[in-house]
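S.K.: based on what follows, work out the 3D shape:
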Amino acid sequence: MNDPVAQPDASELAFLAVEREVATLFRRSRARASEVSRLVHPELEAGAYVLLSFIRESGRARVTDIGLHFGVGKATVSRQIRAIEELGLLHRETDPLDRRASLVSLTEEGERRFAAAREVRMARFRASLAAWELGELEQFARLLERFNELTEGV
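M.R.: Reported below is the predicted structural model:
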């Protein structure tokens, strides 16, 4: 008698493997998010590091653009920004192009703390991937970039 459950083909097995590994990556990333944020400041929420990273890369960012980037509402972003601002890590100013909007940037203290936390984080990446050859690292970065581009907005 044949098994009523069809066995997945090679393509389906590959998709299942990717889904499993991406889920593991996301789960571990969420688990480490609060640890990395606390490296910046002991009172930071778990998601603050990535928010600070986006602001740092932007130089100055509009609160609404931060919300759009992360797919969260203005109220949520404003609350997070206010909490980080109260810790002295962000500076808020009025957008000269739209007086109703705010621009945020890292303070000197925020920059210093973020840079120190990033160095710890990068040291961990380097240690984890130390056995990889340069070509493997470059290929991995290209594949991750391609994956992120394909899944943007999904």
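
S.K.: mind listing the strands for the protein?
M.R.: Secondary structure of the chain by DSSP state E: the strands cover 61-62, 90-95, 98-106.

S.K.: need the ones you listed in JSON lines with mean pLDDT, can you?
M.R.: Shown next, in JSON lines, are the strands of the chain (pLDDT from 0 to 100):
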{"stretch": "strand 61-62", "mean pLDDT": "93"}
{"stretch": "strand 90-95", "mean pLDDT": "92"}
{"stretch": "strand 98-106", "mean pLDDT": "90"}
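
S.K.: any idea which of those is most buried?
M.R.: For those, the largest average neighbour count (mean count of other Cβ atoms under 10 Å) is found in strand 61-62, namely a mean of 19. Yep, even glycine has a C-beta here, placed from its N, CA and C like the rest.

S.K.: would you reformat the strands of the chain as a markdown table and include distance to residue 49?
M.R.: Below are those laid out as a markdown table (distance: least, Cβ to Cβ, whole Å):
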| stretch | distance to residue 49 |
| --- | --- |
| strand 61-62 | 15 |
| strand 90-95 | 13 |
| strand 98-106 | 12 |
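
S.K.: out of these, which gets nearest to residue 144?
M.R.: Proximity to residue 144, assessed across the strands of the chain by Cβ to Cβ, is greatest for strand 61-62 (23.1 Å).

S.K.: what is that closest one packed up against?
M.R.: Secondary-structure packing of strand 61-62 (3 or more Cβ pairs under 8 Å, 6 or more residues apart in numbering; DSSP states H and E): strand 98-106.

S.K.: before we move on, the earlier item: out of the strands of the chain, the one nearest residue 39 is which?
M.R.: That would be strand 98-106 among those, by Cβ to Cβ, at 14.9 Å.

S.K.: could I have the closest one exported to CSV, CA atoms only?
M.R.: C-alpha atoms of strand 98-106 as CSV (Å, rounded to 0.1, in the frame of the first residue of the first chain):
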residue,chain,number,x,y,z
ASP,A,98,8.5,70.5,7.4
ARG,A,99,8.1,72.3,10.7
ARG,A,100,5.5,69.6,11.7
ALA,A,101,8.1,66.8,11.5
SER,A,102,11.0,65.9,13.7
LEU,A,103,14.5,64.8,12.8
VAL,A,104,16.5,62.6,15.2
SER,A,105,20.2,61.9,15.3
LEU,A,106,22.6,60.3,17.7
